[in-house]
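[1] Quick one, what's the 3D model for this:
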Amino acid sequence: MVFDLVLTGGRVIDPSQSIDRVTDVAFQSGKVVAVGDGLAAQAATVEHVEGKIVTPGLIDLHTHTYWGGTSLGVDPVILGKGGCTTVVDTGSAGPGNYPGFLEHVIKPSPIRIIAYLNVSFAGIYGFSKRIMVGESGDLRLMAPLDTVDVALAHRDTLAGIKVRVGFHASGNSGLVPLDIARQVADEVGMPLMVHIDYPPPTLPDVLARLRKGDILTHCFRPFPNSPATAAGGVIPEVLDARQRGVIFDIGHGMGSFSFATARTMLKNNFMPDCISSDVHALCIDGPAYDLLTTMSKFIELGMPLVEVIRSATQNAAHALNRPDLGTFKAGSAGDATVIDWREGSFDYVDSTGEQLAGKTRLLASHVIVNGALWHKA
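    Numbers count the residues shown, from 1 in each chain. Sure, this is the predicted structure:
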């Protein structure tokens, strides 16, 4: 067999197969076909990636990419060049505007976009530097019937249902938007992704409504509604939720990630299931920037490199119920991210403004999409 492309000489890290060694990765007809030594001799095209890290295509589980259709949307091409082969849009569009998002952004995108459909009719429609309207704050916008119809019609492009609750997102509506979204998710047989910010509602009340496969995003947010206790522990409801299979996602964003919370959670051996950026128009220039910056922060906080990569490959694919992603198993999607590990002095900041002096930085070097080199830095 002559392979279309082989990445040779890099440190291949594929947590889904417990691979962590210098070897080659081969692609043919848009798929991964082999991981092993000496594959470059059989390749039509060879990319030498010595000294770099090669991972399955990175998945950013929380982004906003309805570019041009919502005020918070960013161009998915920027996120792709930042190392992502799959980005997940989390509720930018609702049933009232999802067809436009699908036709004008998702389908033309050179990288894969998977979406969570907002239960609010127009999605996150009022999110900018000048206008900030929480779409769940006006219950007239809750659209359970429309959401069911659109979700069933576009199941192949959707991962689940999104709802945002908290004082900023839902005002005084409390748990009502979540209860509506719960009914919708159950009706269509899809998981929920739930945003939480300031109370009301409280984190324990939100977690009580989540089930196996549902995702709590902004899971390491600062006080209030932090998962960490003032005494340095983890609130019991968080531990209970993990036991029953709730997925904990970082969703860094503009105001939803705290170094202090992360230190407490990691000290208690509570790692996030998924690391994501929640990149949107108001945080792409800081503090979130991109997925690899968010992953770099966790390396500086002491999370092992393999687990950081797992959180944006194998675990993210599991959260999406997409076993063809986040792995180099033969026959899987032909996506890969080649990463430069830089050493030096790097300044990081969380959503509260706390500074962290770092010594390492992950940067995208090559991005492979559908078995071909799509971007090279």
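[2] Where does pLDDT dip in the stretch 251-377 of the chain?
    Across the stretch 251-377 of the chain, not a single residue meets the criterion (pLDDT under 70).
[3] Grab the nearest non-local neighbour of Asp350.
    Spatial nearest neighbour of Asp350, excluding adjacent residues (CB to CB, 6 or more residues apart in numbering): Phe259 at 4.6 Å. Placement of C-beta: from N, CA and C, glycine included.
[4] And the helices in the chain?
    Remark: helices assigned in the chain by DSSP state H are 76-81, 98-101, 144-153, 167-170, 176-188, 203-207, 236-243, 259-267, 291-300, 305-311, 314-320.
[5] one step back: could I get the contacting residues of the residue nearest to Asp350?
    297, 301, 350, 352, 354, 356 (CB atoms under 8 Å, 6 or more residues apart in numbering).
[6] Let me know the distance separating Ser226 from Ser351.
    With the distance defined as CB to CB, to the nearest Å, Ser226 ends up 12 Å from Ser351.
[7] shared neighbours of the two, which are they?
    With contacts defined as CB under 8 Å, 6+ apart, the residues shared by Ser226 and Ser351 are Ser258.
[8] surely Leu291 meets Gly82?
    Yes: in terms of CB atoms under 8 Å, Leu291 counts as a neighbour of Gly82; the distance is 6.4 Å.
[9] So between the two, which is more surrounded?
    Leu291 (31 against 24; other CB atoms under 10 Å).
[10] quick one: pLDDT of the closest residue to Ile161 other than its chain neighbours?
    On the basis of CB to CB, 6+ apart, the spatially nearest residue to Ile161 that is not a chain neighbour turns out to be Ala185, at 4.5 Å. Ala185 carries a pLDDT score of 98 in this model.
[11] and if you look at the one 10 residues further on?
    For His195, the model assigns a pLDDT of 98.
[12] Check Met1 too.
    pLDDT, Met1: 74.
[13] that older thread, going by neighbour count, which of the contacts of Phe259 comes out on top?
    Neighbour counts for the contacts of Phe259 peak at Lys297, which has 28 neighbours (criterion: other CB under 10 Å).
[14] Look up the closest residue to that residue, ignoring the ones flanking it.
    Leaving aside its sequence neighbours, Lys297 is closest to Tyr348 (5.2 Å, by CB to CB, 6+ apart).
[15] Would you mind listing the residues in contact with the one you found?
    293, 296-297, 300, 355-358.
[16] Quick check: PyMOL command selecting the buried ones in those.
    Filtering the contacts of Tyr348 down to the buried ones (16 or more other CB atoms under 10 Å) takes a single PyMOL command:
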select buried, resi 293+296+297+300+358
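[17] ok, the residue most central in space within the chain - contacts?
    Residue closest to the mean C-alpha point of the chain, counted by CA atoms, centre = their mean, is Leu61 at 1.7 Å. When contacts are counted by CB under 8 Å, 6+ apart, Leu61 touches 88, 90, 215, 217, 249, 251, 274, 276, 312, 316, 319-320.
[18] Same list, the contacts of Tyr348, but as CSV with distance to Phe328 please.
    Supplementary listing: the contacts of Tyr348 in CSV, determined by distance: CB to CB, whole Å:
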residue, distance to Phe328
Thr293, 24
Ser296, 22
Lys297, 25
Glu300, 27
Gln355, 36
Leu356, 32
Ala357, 34
Gly358, 28
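[19] Pick out whichever of the contacts of Tyr348 sits closest to Trp341.
    When the contacts of Tyr348 are compared for distance to Trp341, the smallest value, 9.6 Å, is given by Ser296; criterion: CB to CB.
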